[in-house]
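> sequence and predicted structure are below.
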Amino acid sequence: MAYKKIGGIYSALLTSFDKDGNINEKGIRELVRYNIDHNKVDGLYVGGSTGENFLLSPEEKEQIFKIVKDEAKDGCQLIAQVGSLNIKESVKLAKLVTDLGYDSLSAVTPFYYKFSFNEIKEYYNTILKDVDNQMVVYFIPFLTGVNISVDQFKELFANEKITGVKFTAGDFYLLERFRKAFPDKVLFAGFDEMMLPATVLGVDGAIGSTFNVNGLRAREIFEAAQKGDIKKALEVQHVTNDFISDVLANGLYGTLKICLQEAGVDAGFCRQPMGGYSDEMIANAKKIFHKYF
Ligand code: MN9
């Protein structure tokens, strides 16, 4: 089974909601366009943490996957995160996005309950059983509490449809061990603020929330580091991390959305339990945007 080669700079796509937390289709289309036309991303990671995916109903997830594909067409690679504690939903979404033409699936490791590794492995096998598509494991231990060792990744890769990992962790020893053990697997860096060291260790791409706003600098870091121009890459990473630390201090997804509104994109609001925007938060976000862009 040969699947499309994926990699490069991916925005973890935000979801635009209206003030009442309803999906804003026009806003989602504008987010897709801005990422393709302005940020020049290689791909979009749809339905991840950044998309507030775990706050959505299955029908809403389906709606977003359709809107994004309809807007992006073949303008960039598309990965759909279909992981959920409701495995029936994951199986159904995996089929849907494969039929829509998504280049890859991804699924977060099942969280909340303390699942055994065997249960986690069977979760991936079940999602993939009746679908002809590749899978990027979404590894994000700081939110899920799930760690996976190199030996366990090897067991997951016994399923040939599992072709890669989105590695959202700061454990560079594990990242290096992973790279050495699986040179042919697709490895995406998941922490934007640690993109330079991850690139030096040989990732094939990066998937980030902040790239929705800062995608051009992300590419500069990635390309400079790949060429071995570490001085240049570090310069850009420094500016990028000043931006990211300002964004994190003001509320991650909301600040990114307000920044995008300043750029003319209808990025809307977050959905509860994510908070609304205070006047102070809006003022800070606007300041952040004009400081860095
Ligand atoms: O997809 C993102 N993770 C989360 C990866 O949002 C949980 C990252 O892009 C971070 O948002 C970013 C800021 O810490 O690195």
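Perfect, thanks for sending it. Numbering: from 1, shown residues only.

> so the residue lying closest to Leu260 once chain neighbours are set aside: helix, strand or coil?
Spatial nearest neighbour of Leu260, chain neighbours left out: Ala267 (3.8 Å); criterion: CB to CB, 6 or more residues apart in numbering. Glycine gets a C-beta too; all of them are placed from N, C-alpha and C. For Ala267, the secondary-structure state derived from DSSP: H, G, I helix; E, B strand; the rest coil is coil.

> do the same with Ala80
Per three-state DSSP, Ala80 ends up strand.

> list the contacts for it?
With contact taken as CB atoms under 8 Å, 6 or more residues apart in numbering, Ala80 is in contact with 46-47, 65, 93-94, 97, 102, 104-106.

> spit out the contact partners of Thr206.
No, residue 206 isn't Thr; it's Ala. 9-10, 188-190, 192, 195, 198-199, 218, 222.

> Gly205 now?
6-10, 42-43, 186-189, 222.

> which residues of the stretch 101-250 of the chain lie near the ligand?
With CB under 6 Å from any ligand atom as the criterion, the stretch 101-250 of the chain meets the ligand at residues 168, 190-193, 207-210, 244.

> distance of Arg219 from Ala158?
Distance of Arg219 to Ala158, computed by CB to CB, to the nearest Å: 34 Å.

> still on that earlier bit, so can I have a markdown table of the contacts of Ala206 showing pLDDT?
A markdown table is the format used below for these (pLDDT from 0 to 100):
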| residue | pLDDT |
| --- | --- |
| Ile9 | 98 |
| Tyr10 | 99 |
| Phe188 | 98 |
| Ala189 | 98 |
| Gly190 | 98 |
| Asp192 | 98 |
| Met195 | 98 |
| Ala198 | 98 |
| Thr199 | 98 |
| Ala218 | 98 |
| Phe222 | 98 |
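
> ok, so of the residues you listed, who is nearest the ligand?
Taking CB to the nearest ligand atom as the measure, the ligand lies nearest Asp192 of the contacts of Ala206, at 3.7 Å.

> what about that closest one, how many neighbours?
25 (other CB atoms under 10 Å).

> ok, now which ones touch the residue nearest to it when sequence neighbours are not counted?
In space, and not counting its chain neighbours, Asp192 is closest to Gly208: 3.8 Å by CB to CB, 6+ apart. Gly208 sits next to 10-12, 190-192, 195, 218 when contact means CB under 8 Å, 6+ apart.

> tell me which of the contacts of Gly205 fall in helices.
Using DSSP state H, the subset of the contacts of Gly205 located in helices is Phe222.

> avg pLDDT for the longest helix anywhere in the chain?
Taking DSSP H as the criterion, the chain has its longest helix at helix 230-250. When pLDDT is averaged over helix 230-250, the result is 98.

> how about stretch 139-148?
The average pLDDT for stretch 139-148 rounds to 97.

> that stretch: end-to-end distance?
End-to-end distance for stretch 139-148: 8 Å, by CA to CA, to the nearest Å.

> quick one: stretch 5-16 near the ligand?
Yes. With CB under 6 Å from any ligand atom as the criterion, the ligand is reached by stretch 5-16 at Ala12.

> what comes up buried for stretch 182-202?
Residues 182, 185-199, 201 are the ones in stretch 182-202 that count as buried (16 or more other CB atoms under 10 Å).

> can you pull out the helices in the stretch 51-200 of the chain?
In the stretch 51-200 of the chain, the segments counted as helices under DSSP state H, counting those that start in this stretch are 58-72, 87-100, 117-128, 141-144, 150-156, 172-181, 195-200.

> got the CA positions of the fourth one in CSV?
Provided in CSV are the C-alpha atoms of helix 141-144 (Å, rounded to 0.1, in the frame of the first residue of the first chain):
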residue,chain,number,x,y,z
PRO,A,141,1.2,13.3,26.4
PHE,A,142,0.9,16.7,28.2
LEU,A,143,-2.8,16.8,27.5
THR,A,144,-3.7,13.0,27.3
